[in-house]
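Peer 1: 3D model of this:
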Amino acid sequence: MVDKKNVVLVTIDSIRYDRCGFAGNETVSTPTFDRMARQGLNFRDAIAPGAATPDSVPVTLTGEFPPMKTDNAYLNEWVQSQSGARQTVAEKFSKRGYTTGAFTANPWASRYFGFDKGFDYFEDFFVETDSNRLFSGAISDDSILVEASRNVHDWVKGQNMFMSWEAFYDDVTNWTDDATKPYFMWLFLVDVHVPYYAGSEYRTQSNLLLLGANLWLFFPKLQSLIAPFDDVLLEAYDNCIRHTDEFLRRLEQDVSDDDTLIAVHGDHGDEFGELGRYGHGGGLSEPLLHVPFFIHNGPNVSVDETVSLQSLPDILLDLATENTEIGEVSSKWSEQMAVSWIEESVSIRTSDWKYIHDTSTDTGELYRVDALAGTEELWKDPPEPLVRGASQLAESAHRDRLEKRRIAEAAEATVEDDTL
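Peer 2: Presented below is the predicted three-dimensional model:
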């Protein structure tokens, strides 16, 4: 009989692979990241299923892509509908006798959107925050003024997307101290998410400079009037990663033992002027899709093949509850391609190339990719058979999600008819 291991899953919002020390970045010191990745199971070419949290995290936690969003559906309504329709990794662990708990500082991963499904204990801090009362009803409001007001208010208060891990760290350790083993715990950190404002011990820039650079990001109209803050923002971003490295150091010290798997991954990355964009959600570039993913206390294996975060539930369940041999790791979980989405664009990504297809215009572009070097360039004269094959793969992925939407709509219609 296999001894079941405790599992801690740490999701870090907006962290990109190439800014981590173990990926070759010498400008930022991340000793805990580096040691965990090099001594554990390190997926060097892990690809996020989407370039924003609502597109990426539901797939990462269920292992399935949801149906396409209908044209007239609000994003929040669409995300809400997805969590209840698929079995989550928490439910899978629960069925195997695990106690389950979660702590998430990201409102897009709150109980409001159904992410508490499968957890015995779930703390999201979302319903208790002031901005939800001040801006009640505005979650579906596209007003720039409302959004900017909420952001500034939450930043000052240190809540919602601006909550540091230090604000709830004691809650985490108190839960693990009391939890019946084996347990599965999910932690969602937003310290690397904009605004890039690390803890005071980790800031290397003046508060005034950081305020100006982050406000420049919050108000896109300023970006055409004021010179870019690229270097300032990257340094601030790296400082946020260093601050998060301290979280992992403390977590390992306070929670981990030889039987506890600590899985760490980004939900997507951020852009800093690549292709003229900043932040995330606007494309399917390498900085947005290539994320860190490693498992501390797992097999000491470095996997170079492409792996999608869609495989994360199966990977964790295999390592925690099955006899997975080290030699099986690469062949069992590596994939020839990874699929990612943002709005109506789909990416088909391998270790050598990436095809981005716009489903609204039925057009696409092929890119050469050096996965481990983190580079991509438009393929100016690609082989026609490769373009044709990649296009067919993208169209197939699109049809699959459209069919899921058709089935979901038919099911909803049946329920509505039954209630009449």
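
Peer 1: only C-alpha atoms for contact and neighbour calcs from this point on.
Peer 2: Noted.

Peer 1: how close does Thr361 get to Phe184?
Peer 2: 43 Å (CA to CA, to the nearest Å).

Peer 1: So these two - more neighbours on which side?
Peer 2: Phe184 (27 against 9; other CA atoms under 10 Å).

Peer 1: Assumed the more buried one was part of a strand.
Peer 2: Yes - per DSSP: H, G, I helix; E, B strand; the rest coil, Phe184 lies within a strand segment.

Peer 1: so what's it bridging to?
Peer 2: Beta-bridge partners for Phe184, by DSSP bridges, are Val7, Thr100.

Peer 1: There's contact between it and Phe103 in this structure, I believe.
Peer 2: No - using CA atoms under 8 Å, Phe184 is not in contact with Phe103; the gap is 11.6 Å.

Peer 1: any idea which helix or strand carries Leu316?
Peer 2: Using DSSP states H and E, Leu316 sits in helix 312-321.

Peer 1: buried set for that helix?
Peer 2: Of the residues in helix 312-321, Leu312, Pro313, Asp314, Ile315, Leu316, Leu317, Leu319, Ala320, Thr321 count as buried by neighbour count, 16 or more other CA atoms under 10 Å.

Peer 1: residue contacts, the fifth one?
Peer 2: Right, Leu316. When contacts are counted by CA atoms under 8 Å, 6 or more residues apart in numbering, Leu316 is found next to Val7.

Peer 1: Give me the distance between it and Ala48.
Peer 2: The gap separating Leu316 from Ala48 is 16 Å, by CA to CA.

Peer 1: Check the second one too.
Peer 2: Here the criterion is CA to CA. By it, Pro313 lies 14 Å from Ala48.

Peer 1: cool, the third one as well?
Peer 2: Note on Asp314: its distance to Ala48, by CA to CA, is 15 Å.

Peer 1: do the same with the fourth one
Peer 2: Taking CA to CA as the measure, Ile315 falls 15 Å from Ala48.

Peer 1: Over to the first one?
Peer 2: Computed with CA to CA, the distance linking Leu312 and Ala48 is 11 Å.

Peer 1: List the contacts of Thr180.
Peer 2: Thr99.

Peer 1: and it, that's in a helix?
Peer 2: No - assessed with three-state DSSP, Thr180 is coil; it does not lie in a helix.

Peer 1: ok so, going back, quick one: the buried residues of helix 312-321 as TSV, columns for pLDDT and distance to Leu233 too.
Peer 2: TSV is the format used below for those (pLDDT from 0 to 100; distance: CA to CA, whole Å):
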residue	pLDDT	distance to Leu233
Leu312	96	30
Pro313	95	33
Asp314	93	36
Ile315	94	34
Leu316	95	34
Leu317	94	37
Leu319	93	37
Ala320	93	38
Thr321	88	42
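
Peer 1: so what's the residue nearest the centre of the chain closest to, chain neighbours aside?
Peer 2: Central residue of the chain (CA atoms, centre = their mean): Asp267, 1.0 Å from the mean position. Excluding the flanking residues, the one nearest Asp267 by CA to CA, 6 or more residues apart in numbering is Asp13, at 5.5 Å.

Peer 1: Can you give me the distance of that neighbour to Phe229?
Peer 2: To Phe229, Asp13 is 21 Å away according to CA to CA.

Peer 1: Neighbour count: these two, which is higher?
Peer 2: Asp13 (25 against 18).

Peer 1: for the more buried one, what are its contacts?
Peer 2: Shown in contact with Asp13 (CA under 8 Å, 6+ apart): Thr53, Phe188, Leu189, Val190, Asp191, Val192, His193, Gly266, Asp267, His268, Gly269.

Peer 1: change it to 6 Å
Peer 2: Asp13 sits next to Val190, His193, Gly266, Asp267 when contact means CA atoms under 6 Å, 6 or more residues apart in numbering.

Peer 1: so who does the closest residue to the third one other than its chain neighbours touch?
Peer 2: If you skip the residues right next to it in sequence, Gly266 has Ile12 as its closest partner in space, 4.7 Å away by CA to CA, 6+ apart. Going by CA under 6 Å, 6+ apart, Ile12 touches Phe188, Leu189, Gly266.

Peer 1: please redo it, this time with the cut-off set to 7 Å
Peer 2: Residues near Ile12 by CA atoms under 7 Å, 6 or more residues apart in numbering: Phe188, Leu189, Val190, His265, Gly266, Asp267.

Peer 1: what bits of the stretch 201-350 of the chain have low per-residue confidence?
Peer 2: The model of the stretch 201-350 of the chain has pLDDT under 70 over residues 224, 256, 258, 323-332, 334-336.

Peer 1: Please, where are all the helices along it?
Peer 2: Along the stretch 201-350 of the chain, the segments classed as helices by DSSP state H, counting those that start in this stretch run 207-218, 230-254, 286-289, 312-321, 329-333.

Peer 1: So Pro172 versus Gly97, what's the distance?
Peer 2: Actually, residue 172 is Val. It isn't Pro. 20 Å.

Peer 1: More neighbours: the two, which one.
Peer 2: Val172 (20 against 15).

Peer 1: pLDDT score assigned to the more buried one?
Peer 2: Val172 carries a pLDDT value of 97.

Peer 1: How is it assigned, secondary-structure-wise?
Peer 2: Following three-state DSSP, Val172 is assigned to helix.

Peer 1: which residues sit in contact with the nearest residue to it once chain neighbours are set aside?
Peer 2: Nearest non-adjacent residue to Val172, counting by CA to CA, 6+ apart: Phe103, 7.3 Å away. Phe103 makes contacts with Phe122, Glu123, Asp124, Trp186, Leu187, Phe188, as judged by CA under 7 Å, 6+ apart.
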